[in-house]
Structure formats: C-alpha cells, structure tokens
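Visitor: quick one, structure for this:
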Amino acid sequence: MNISSTHADNKILAIINGLTNLWNNRAKVLEGDPSVDLTFEPEKADFKAELLPFYKHPLWQNAPADLQQKVLSYGWIIYNEKTIQIESKLIAPVCDLLIDGEYPGSVKDEIQHAISQALVDEAFHTLMAVKGINIVYRERHLPRVKLPKFQLISCLELMLEECQNEFEQKLVRLAVACASETLITDYLGSLSQDPMLQPLCYKTVEAHAADEWSHASVFSYTMAEIFSQLSEQEKALYLATLPKAVQAFGDDELNVWEVVLAAINFPDYANMLADCRERNAQNINVDIQGIAKLLNSLGIEVSTENLAA
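Guide: As a prediction, this is how the structure comes out:
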C-alpha cells in the first residue's frame with residue numbers, strides 16, 4: 001500500500017512521498033544479502049589499485065605481487081571500515097534526530113517515513129560491510145588491524161566541539177550527513193560494476209550504490225523542507241559546514257594507511273606516505289555534482305565550476 005501525502009499542496013513533501021512509495025521496489029535489503037550466493041575467487045583482486053592514494057608511487061609499483069595483493073585486500077577492508085563509521089557514527093544518529101523531530105519542519109509523516117526507510121537501508125549497508133570485511137580477512141588469512149577514526153568522523157568531532165549550543169551541534173551533524181549522502185554515490189561507483197574485481201566486492205558495492213542514489217534525493221529534499229525554517233544565522237552555519245565536510249570526505253586517509261602498512265611491514269612505507277602527503281595536500285578529489293544539486297534544492301543556484309573554484 002502506498003503512503004498518501006498529508007500535505008498535498010507541498011511540492012517538496014510530495015517528492016519525498018514519491019520516493020517513499022518506490023522503496024518496496026528498489027530497496028536492496030528486500031532482495032537479501034548478495035554475499036550469500038557469491039563464491040570467493042582468490043585469483044581476483046579485492047580492490048582497485050587505481051584507488052590507492054599511493055598508486056603512482058614507485059615504491060608501490062615496484063612492490064612484489066603478493067605484497068600488492070595483500071595491500072589491495074586491506075584497501076577493501078579500509079573502504080568498508082570507512083563505510084561502517086559513516087553509517088553508524090554519522091548517518092544513523094542524524095536519521096534518529098530527524099525521526100524524533102529535532103529539526104524544524106521534520107515532524108511530518110513524509111519525512112519520518114522516508115528517513116525510517118533510509119535508516120533500514122543504512123543498517124543493511126553496515127551488515128554488508130561487516131560481512132565483506134570478515135570474509136576477506138578469513139579467505140586471505142590476514143591479521144586483523146585496528147584502524148583509527150577516519151577523517152570525516154574526526155572533522156565532525158572537531159566541529160561539534162566548536163558549537164555554541166546543542167542545536168548547533170545537531171545542525172552540523174545534519175550538514176555533514178547531507179554532504180556525505182550526496183557525495184557517496186561517486187565514492188561507491190568507482191568500485192561497482194567492475195567484473196575484473198572480486199565478485200563479493202563489486203556486487204555488494206553495487207547494491208549499496210543503488211540505495212544511495214535514492215538517499216541523495218531523500219536527504220536533499222528533506223533538507224529543503226528544513227532549511228526554509230532556519231534562522232539566517234542557522235542557515236549560515238549549515239552552509240559553512242558543507243565545504244568542510246567535502247574536504248574531509250575526500251581525504252586520502254593516509255593516517256589510516258600508515259597503521260595498515262606498518263602492521264604488514266611494507267618496505268619504506270613512511271617515505272612513500274610522506275611523498276603522498278606532500279603531493280596530495282592540495283589535491284582533494286571529490287565529485288561535487290551532488291553538493292551542487294543539494295544547494296540548488298535549497299534555492300541556492302550554484303554550478304560545479306563555482307564550487308570547484
């Protein structure tokens with residue numbers, strides 16, 4: 001049964017309602033865990049070498065093949081650990097706040113239904129990530145490595161400390177969540193639909209990406225409903241948070257890689273990462289089309305060229 005809109009005259013809520021009514025047909029959680037029917041193929045790589053932050057460095061390119069394979073397996077693990085941290089420490093808490101009506105304009109059936117569906121999706125994505133990590137650890141016989149916080153989570157914590165009150169903290173959380181949900185489709189798309197990779201890897205990422213296409217719209221339109229009811233000061237805080245979130249989302253996570261490369265005794269890893277830090281310092285590579293669409297949904301006309309400038 002479709003959910004009927006209780007605010008038929010509100011175009012934004014009508015769009016959110018339409019997205020909600022599509023959930024039964026598009027939600028990947030309703031199709032089941034894709035890893036159940038997949039066979040692990042040890043001859044295939046678990047991650048794309050081109051996505052490594054040190055891909056072009058001669059120390060990586062000249063490393064033995066077996067060591068490269070191990071690093072690529074940890075690339076998959078890092079990728080999924082980042083997904084888990086984003087879903088559990090960033091997106092899920094914001095979904096709870098939205099459902100609880102902690103933002104002006106969020107106490108509406110359409111928003112609560114759509115965000116509740118997104119929360120179910122995010123829990124499923126966390127499950128796929130956890131299973132993906134554990135399968136690769138088991139099949140590759142790798143030692144487990146405790147990873148530090150990823151840059152997006154560390155950046156969020158710093159911004160929360162700078163807030164003047166509880167509502168500012170909630171607004172910062174919402175801004176970082178909205179940025180992440182509009183940026184993540186490109187992040188996921190780089191690994192999906194690549195049959196040269198481990199089937200476990202590209203199939204689970206493909207399922208995650210399919211959901212996130214919808215989430216980007218749900219969060220953008222939900223934010224449009226909320227944004228119009230914020231004060232000018234609150235709007236300014238929200239908008240000022242977005243570029244910080246973009247910067248943190250696109251971080252190369254070299255601090256995380258340092259822990260991994262040290263654990264597996266990758267030769268001369270410290271110098272390799274030092275070279276990467278110097279080279280990559282001013283080169284955050286993020287597809288910002290989603291952020292442009294988010295801002296446009298708020299009534300702020302901006303092009304990707306303006307954002308990149």
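
Visitor: what's Leu197 sitting at in phi/psi?
Guide: phi -90, psi 170 (degrees, to the nearest 10).

Visitor: one more: Leu147?
Guide: Taking degrees, to the nearest 10 as the convention, Leu147 sits at phi -90, psi 150.

Visitor: my guess is it contacts Ala262. True?
Guide: No. Taking contacts as C-beta atoms under 8 Å, Leu147 lies outside contact range of Ala262: 11.9 Å. Glycine gets a C-beta too; all of them are placed from N, C-alpha and C.

Visitor: can you map out the helices along the stretch 51-200 of the chain?
Guide: 58-61, 65-86, 92-99, 109-140, 151-161, 166-189, 199-227 (DSSP state H, counting those that start in this stretch).

Visitor: just send these back as CSV, with distance to Lys244, mean neighbour count and mean pLDDT too.
Guide: Putting the helices of the stretch 51-200 of the chain into CSV (distance: least, C-beta to C-beta, whole Å; neighbours: other C-beta atoms under 10 Å; pLDDT from 0 to 100) gives the following:
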stretch, distance to Lys244, mean neighbour count, mean pLDDT
helix 58-61, 30, 14, 97
helix 65-86, 15, 20, 96
helix 92-99, 16, 19, 97
helix 109-140, 22, 20, 96
helix 151-161, 6, 17, 96
helix 166-189, 8, 22, 90
helix 199-227, 16, 22, 90
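
Visitor: out of these, nearest to Glu278?
Guide: Nearest to Glu278, of all those, is helix 58-61, at 14.3 Å by C-beta to C-beta.

Visitor: ok, back up a step: got JSON lines for the helices of the stretch 51-200 of the chain, with distance to Lys44 too?
Guide: Conversion of the helices of the stretch 51-200 of the chain to JSON lines gives the following (distance: least, C-beta to C-beta, whole Å):
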{"stretch": "helix 58-61", "distance to Lys44": "19"}
{"stretch": "helix 65-86", "distance to Lys44": "10"}
{"stretch": "helix 92-99", "distance to Lys44": "32"}
{"stretch": "helix 109-140", "distance to Lys44": "11"}
{"stretch": "helix 151-161", "distance to Lys44": "29"}
{"stretch": "helix 166-189", "distance to Lys44": "19"}
{"stretch": "helix 199-227", "distance to Lys44": "8"}
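
Visitor: wait, which of these is closest to Tyr238?
Guide: helix 166-189 (4.8 Å).

Visitor: could you check how far the closest one is from the centre of its chain?
Guide: In terms of C-alpha atoms, centre = their mean, to the nearest Å, the gap separating the centre of helix 166-189 from the centre of its chain is 9 Å.

Visitor: what is the orientation angle of that helix with helix 65-86?
Guide: Put simply, helix 166-189 runs at 150 degrees to helix 65-86, going by axes from the mean of the first three to the mean of the last three C-alpha atoms, to 10 degrees.

Visitor: which other helices and strands does helix 166-189 contact?
Guide: Packing partners of helix 166-189 (3 or more C-beta pairs under 8 Å, 6 or more residues apart in numbering; DSSP states H and E): helix 92-99, helix 151-161, helix 199-227, helix 232-249, helix 289-297.

Visitor: in a markdown table, list those helices along with distance to Gly105.
Guide: As requested, the helices and strands packed on helix 166-189 are exported to a markdown table (distance: least, C-beta to C-beta, whole Å):
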| stretch | distance to Gly105 |
| --- | --- |
| helix 92-99 | 10 |
| helix 151-161 | 22 |
| helix 199-227 | 5 |
| helix 232-249 | 12 |
| helix 289-297 | 14 |
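
Visitor: quick one: closest of the ones you listed to Pro143.
Guide: Nearest to Pro143, of all these, is helix 199-227, at 19.9 Å by C-beta to C-beta.

Visitor: how far does the closest one sit from the chain's center?
Guide: Helix 199-227 sits 9 Å away from the centroid of its parent chain (C-alpha atoms, centre = their mean).
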